[in-house]
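# let me see the structure of the following:
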Amino acid sequence: MAGGTCILYSRPGCHLCVDMKAVVEPVARELGWAIEEVDISGDATLEAQFGAEIPVLFVNGRKAFKYRVDARELRQRLRHERPSTS
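The predicted structure is shown next:
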């Protein structure tokens, strides 16, 4: 099953970001989803958009999870999400 794209917005030194990445990477890989990690530090636009509200995971361009996610929730979301057409 081909998936879509997950984008994880994070910054260095963020322990919640490390925790979310540890969940997202294996689940995304298992289900055939692409994962991209974006460091918001040093990007004024992203800093203004997310500030301290990181990590944030977007699934096919829509905010799906903030701060924490467990593998079961993520697996369920990705299985029910339609692949992006971009």
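
# list the buried ones in stretch 51-71?
Neighbour-count burial for stretch 51-71 flags 54-60, 64-65, 69 (criterion: 16 or more other C-beta atoms under 10 Å). Just so you know, the C-beta spots here come from the backbone N, C-alpha and C atoms, and that holds for glycine as well.

# gap between that stretch and the chain center?
Offset of stretch 51-71 from its chain centre (C-alpha atoms, centre = their mean, to the nearest Å): 5 Å.

# stretch 66-84 too?
The answer for stretch 66-84 is 9 Å, by C-alpha atoms, centre = their mean.

# for stretch 31-49, same thing?
Computed by C-alpha atoms, centre = their mean, the separation of stretch 31-49 from the middle of its chain amounts to 8 Å.

# for it, the averaged confidence score.
In this model, stretch 31-49 has a mean pLDDT of 95.

# who touches it?
1-12, 21, 24-25, 27-29, 50, 54, 75, 78-79 (C-beta atoms under 8 Å, 6 or more residues apart in numbering).

# just the buried residues of the residues you listed.
By neighbour count, with 16+ other C-beta under 10 Å, the contacts of stretch 31-49 hold 3-11, 21, 24, 27-28, 50, 54, 75, 78 as buried.

# among those, which lie within helices?
Of those, the ones assigned to helices by DSSP state H are 21, 24, 27-28, 50, 75, 78.

# between all of these, which two are separated the most?
The span of these, defined through C-beta to C-beta, is set by F50 and R75 at 24.5 Å.

# residue boundaries of the strands in this protein?
Taking DSSP state E to define them, one finds strands in the chain at 5-10, 34-39, 56-59, 62-66.

# let me see the contact set for the closest residue to R75 other than its chain neighbours.
Excluding the flanking residues, the one nearest R75 by C-beta to C-beta, 6 or more residues apart in numbering is V27, at 5.5 Å. Counting by C-beta under 8 Å, 6+ apart, V27 makes contact with 33, 71, 74-75, 78.

# any regions of the protein where pLDDT drops low?
Applying pLDDT under 70 to the chain flags residues 1-2, 82-86.
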